[in-house]
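> Using only what follows, build the 3D model:
(one chain, ligands or ions: 1)
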Amino acid sequence: MRFVSASDYEQMSRKAAGVLAAQLLLKPDSVLGLATGSTPLGIYQNLIAWNREGMIDFSRAKSVNLDEYCGLSPEHDQSYAYYMRENLFSRVNIDPANTHIPNGLAEDAQAEGAAYDALIRSLGGADVQLLGIGHTGHIGFNEPAGEFIGPTHRVELNPKTIEANSRFFASMDDVPRYAVTMGVGSIMYAKKILLAASGADKADILYRSFFGPITPQVPASVLQLHRDVTVIADEAALSVIREKAPEALA
Ligand code: PGA
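Below you'll find the predicted structure:
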């Protein structure tokens with residue numbers, strides 16, 4: 001586990017984008033595990049700029065996204081398929097056929113999950129999986145639960161997550177209640193994990209995830225068992241770690 005500190009959101013975004021850019025430079029046909037939410041937006045803006053400048057090339061890259069809301073079509077402006085098109089895929093030279101996102105409209109969520117995990121395996125797993133972290137400690141949409149769920153599966157969203165995500169919808173009632181998410185096993189299958197976090201509201205959960213007990217009540221805590229995790233976070237998000245475990249940031 002390594003922690004990389006950044007002064008603010010912009011620097012965090014640049015540093016995390018640097019890791020993904022280096023991955024592509026070293027292995028042009030990398031499988032990038034991608035994430036949505038507000039945290040990765042700055043990362044994607046840097047990747048778009050560097051692609052435009054000819055610094056990085058997505059022509060041989062492939063991607064797998066973490067999750068999708070149930071019931072939203074890829075055309076819905078709050079679907080994660082739409083988000084990825086708007087914020088990255090349509091603005092870099094990636095082949096859309098090489099980008100993969102769980103199907104939120106699948107009638108049989110279990111079959112969709114199994115097919116998605118088979119796809120991830122057939123690609124050899126993500127070379128690097130980008131993650132944000134929710135206030136509940138969720139990664140992807142793996143919410144606090146009685147047990148870790150390994151495969152890609154359908155999940156009922158936590159009320160805190162629905163509230164956090166309602167800022168993107170006309171009202172709380174419009175936020176989908178279910179999602180399809182890579183399971184904890186699907187995420188842990190990635191060769192490297194890159195978790196990005198910004199803001200004081202993430203400081204407590206970041207500390208609990210990496211310095212508290214490994215428990216499905218804090219889903220991100222499972223990352224303590226992964227052998228190649230890099231956390232890039234700004235000082236606000238690192239403030240509790242800096243106070244309680246400063247040696248980790250030395
Ligand atoms: P955020 O979401 O980047 O919008 O804070 C993170 C997450 O829910 O994983």
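
> Up against the ligand, what does the protein have?
By the rule CB under 6 Å from any ligand atom, the part of the chain lying against the ligand is Gly37, Ser38, Thr39, Gly132, Ile133, Gly134. C-beta here means a position set from N, CA and C on the backbone, and glycine is covered the same way.

> Quick check, the fifth one in contact with Arg208.
No - between Ile133 and Arg208 no contact is recorded; they are 10.3 Å apart, counting by CB atoms under 8 Å.

> Please say which of the two ends up with more neighbours.
Ile133 (25 against 17; other CB atoms under 10 Å).

> What are the buried residues along the worst-scoring helix or strand of the chain on mean pLDDT?
Sorting the helices and strands of the chain by mean pLDDT, DSSP states H and E puts helix 159-165 at the bottom, at a mean of 91. Residues Thr161, Ile162, Ala164, Asn165 are the ones in helix 159-165 that count as buried (16 or more other CB atoms under 10 Å).

> and what of stretch 134-148?
With burial defined by 16+ other CB under 10 Å, the residues of stretch 134-148 counted as buried are Gly134, Thr136, Gly137, His138, Ile139, Gly140, Phe141, Asn142, Glu143, Ala145, Phe148.

> you'd agree the first one is up against Glu163?
Read it as Gly134. No - using CB under 8 Å, Gly134 is not in contact with Glu163, being 11.0 Å away.

> Distance check, Gly33 against Leu195.
11 Å (CB to CB, to the nearest Å).

> These two: which has the busier surroundings?
Shown here are Gly33 and Leu195; by other CB under 10 Å, Gly33 has more neighbours (29 against 25).

> how about the closest residue in space to His138 that isn't next to it in sequence, what does it touch?
If the residues on either side of it in the chain are set aside, His138 comes closest to Pro219, at 5.4 Å by CB to CB, 6 or more residues apart in numbering. By CB atoms under 8 Å, 6 or more residues apart in numbering, the contact list for Pro219 reads Thr136, Gly137, His138, Ile139, Asn142, Glu143, Pro144, Ala145, Phe148, Val184.

> one more time with 6 Å, if that's ok
Pro219 makes contacts with Gly137, His138, Ile139, Asn142, as judged by CB atoms under 6 Å, 6 or more residues apart in numbering.

> per-residue confidence for it?
pLDDT, Pro219: 98.

> all strands for the chain, in order.
2-6, 31-34, 62-65, 67-69, 99-100, 128-131, 153-156, 178-181, 193-197, 229-234 (DSSP state E).

> circling back to that earlier point, what sits in contact with each of Gly134 and Glu163?
Shared contacts of Gly134 and Glu163 (CB under 6 Å, 6+ apart): none.

> so how far is Glu143 from the residue nearest to Ser209 when sequence neighbours are not counted?
Excluding the flanking residues, the one nearest Ser209 by CB to CB, 6+ apart is Ala220, at 3.8 Å. To Glu143, Ala220 is 11 Å away according to CB to CB.

> who's in contact with the closest residue to Ile205 other than its chain neighbours?
Nearest non-adjacent residue to Ile205, counting by CB to CB, 6+ apart: Gly137, 5.1 Å away. Taking CB under 6 Å, 6+ apart as the contact definition, Gly137 lies against Ile205, Ser209, Val218, Pro219, Ala220.

> so how many other residues sit close to the last one?
Each residue near Ala220 was counted by other CB under 10 Å, and the total is 29.

> hang on, the earlier thing: out of the buried residues of stretch 134-148, which is nearest to Phe89?
Within the buried residues of stretch 134-148, the smallest distance to Phe89 is 18.8 Å, found for Gly140 (CB to CB).

> Alright, calling it a day.
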